[in-house]
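>>> what follows is a predicted structure for the sequence shown.
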Amino acid sequence: KAYKQNPYPQSAPAFRRRLDRIFTLRTGYEALDKLLERLHRRKYELLKVLEHPDIPLHTNASENDLRTFVTKRKISGGTMSEDGRVARDVMLGLMKTCQKLGLSFYHFLGDRLGIGKGHAVPPLPAIILARA
């Protein structure tokens, strides 16, 4: 976390050596040793932050985005057709995008359907590019 906040590329080799030292330890516990071995094989994935400090250290945001889809699927038992699944996924995706951009999904939808009174909403790609 400290490296991510204040990247210092010269310290990357020390991080790699430290990871090697930790994950090549043998504890005598078979399950733990296998886990350490598996993690060590993923060394380059685990240390991606050294090359790209801007990437998140966790997947909480991605998992949170999927939670709505999973909850809806569990409650409804899925959809009856492929078209229904696609429609549901598109609507939930648009809703999440609007939420992240601080837009009213109902105003967005009303504007696109031509029933929004006084709530002109620019195209989502334009809003995303303007904020990038």
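Received, thanks. A quick note: this is a predicted structure, and the numbers were derived from the prediction, not measured.

>>> all contacts plus neighbour counts: C-alpha atoms, from now on.
Fine.

>>> what's the helix of greatest length in the chain in contact with?
With DSSP state H setting the assignment, residue counts place helix 82-101 as the longest helix in the chain. With C-alpha atoms under 8 Å, 6 or more residues apart in numbering as the test, helix 82-101 has contacts from 65, 68-69, 78-79, 104-105, 108, 127-128.

>>> now, of the residues you listed, which are buried?
Neighbour-count burial (16 or more other C-alpha atoms under 10 Å) applied to those gives 105, 108.

>>> and the contacts of helix 82-101 as a markdown table, adding secondary structure, distance to residue 98 and pLDDT?
Shown next, in a markdown table, are the contacts of helix 82-101 (DSSP: H, G, I helix; E, B strand; the rest coil; distance: C-alpha to C-alpha, whole Å; pLDDT from 0 to 100):
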| residue | secondary structure | distance to residue 98 | pLDDT |
| --- | --- | --- | --- |
| 65 | helix | 12 | 73 |
| 68 | helix | 14 | 74 |
| 69 | helix | 15 | 71 |
| 78 | coil | 24 | 74 |
| 79 | coil | 24 | 76 |
| 104 | coil | 6 | 89 |
| 105 | helix | 6 | 90 |
| 108 | helix | 8 | 89 |
| 127 | helix | 10 | 89 |
| 128 | helix | 10 | 86 |
